[in-house]
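S.K.: Sharing a sequence plus its predicted fold:
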Amino acid sequence: MLSAVEASVTIGSLLREFGSPRFEAELLLCSVLGCERSHLIAHADEAPDPGKAGLARDGFARRRAGEPIAYITGRREFYGITLKVTPAVLIPRPETELLVELTLERAAPGARVLDLGTGSGAIAVALACERSDLAIVGADISETALAVARWNVRDQGAAVELVRSDWFEALAPGRFDLIVANPPYVAEKDAHLDRGDVRFEPPLALLGGKDGLDCIRKITAHAQDRLRPGGWLLLEHGYDQGDRCVELFREFGYIDVESLDDLAGLPRVCVGRSVD
Ligand code: GLN
């Protein structure tokens, strides 16, 4: 009987099976069928391969259990690029595109750029895809994250050098024109850690100690020794950390310090220049 039931499965019926939100069902199904969303609409009456229907249902079940779509499909769009993502890395977010834009605006031709805690390589790869003149280094402490970054660098044919390093520790000597990072900045007991995608993301990429600022403090303190005079430090931070980041940058002697808003109108990236 099972085959008779399966015979009636169509793309349209599978989409309805997941229920809402429809958009999520479409993303999951596109990923399994390897097609565009427009294909689903045009071929709603088509019967998918039974194996693929099974895979789609597995995906639906994982999503219902709360798993982020990006970890189920293994892909996420960022700055016009499709990146591979696994649970070893933070899922690239739209607000981080601001960090890429601000870096591009400040990078002179041929600039040396360091992306600290590169994770999936999202920032470094996006920069390289926009500007082939930049010399970009991506560093991360996690070997499993670096494996994902390596895949993305290769997939995009991006000119990015990847290094395993605990922040600045294992980097070859030399200074950069820009240092950029989306470091862990969520406070340890932040209530939003119990909700949504972050429940599945690596704590190493999220948690920044008691007030969330541990890594930001560390990077701000040490970046001075690694920036050329006049070089920019650009750090993503939490929506409520803008003022404290500006203070911190000024305490450490950076100039032209400001926190800039993301598209949602929330303070998101602190920038400043080294005077050294
Ligand atoms: N923006 C992420 C969040 O709030 C945190 C990312 C990070 O710590 N860098 O969920």
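M.R.: Everything's here; your move. Residues are numbered from 1 along each chain as shown.
S.K.: Any idea how many residues pack against residue 22?
M.R.: Per other CB atoms under 10 Å, the neighbour tally for residue 22 reads 11. No exception for glycine: its C-beta is placed from N, CA and C like everyone else's.
S.K.: I'd say it and residue 15 touch.
M.R.: Yes: here residue 22 lies in contact with residue 15, judged by CB atoms under 8 Å, at a distance of 6.8 Å.
S.K.: residues touching residue 254, list them.
M.R.: 220, 224, 233, 272-275 (CB atoms under 8 Å, 6 or more residues apart in numbering).
S.K.: Find me the pLDDT at the residue nearest to residue 147 when sequence neighbours are not counted, would you?
M.R.: Using CB to CB, 6 or more residues apart in numbering and skipping the chain neighbours, the partner closest in space to residue 147 is residue 88 (7.4 Å). For residue 88, the model assigns a pLDDT of 98.
S.K.: any idea how far residue 71 is from residue 88?
M.R.: Distance, residue 88 to residue 71, using CB to CB, to the nearest Å: 10 Å.
S.K.: how about the most centrally placed residue in the chain, phi and psi?
M.R.: By CA atoms, centre = their mean, the mean C-alpha position of the chain lies nearest to residue 92, the distance being 2.1 Å. Per-residue torsions, residue 92: phi -60, psi 140 (degrees, to the nearest 10).
S.K.: show me the residues around it that make contact.
M.R.: 76, 78, 83, 85, 120, 122.
S.K.: In three-state terms, how would the residue nearest to residue 147 be classified?
M.R.: Secondary structure assignment for residue 88 (DSSP: H, G, I helix; E, B strand; the rest coil): coil.
S.K.: which residues does it contact?
M.R.: Residue 88 makes contact with 142, 144-145, 147-148, 202, according to CB under 8 Å, 6+ apart.
S.K.: now do 10 Å
M.R.: Counting by CB atoms under 10 Å, 6 or more residues apart in numbering, residue 88 touches 71, 119-120, 140, 142-149, 201-202, 204-205.
S.K.: again, but for residue 190
M.R.: Counted by CB under 10 Å, 6+ apart, residue 190 has contacts 198, 206-208, 211-212, 238.
S.K.: What values do phi and psi take at it?
M.R.: The phi and psi values for residue 190, taken as degrees, to the nearest 10, are phi -60, psi 130.
S.K.: rewinding a little: tell me which of the contacts of residue 92 is nearest to the ligand?
M.R.: residue 122 (11.2 Å; CB to the nearest ligand atom).
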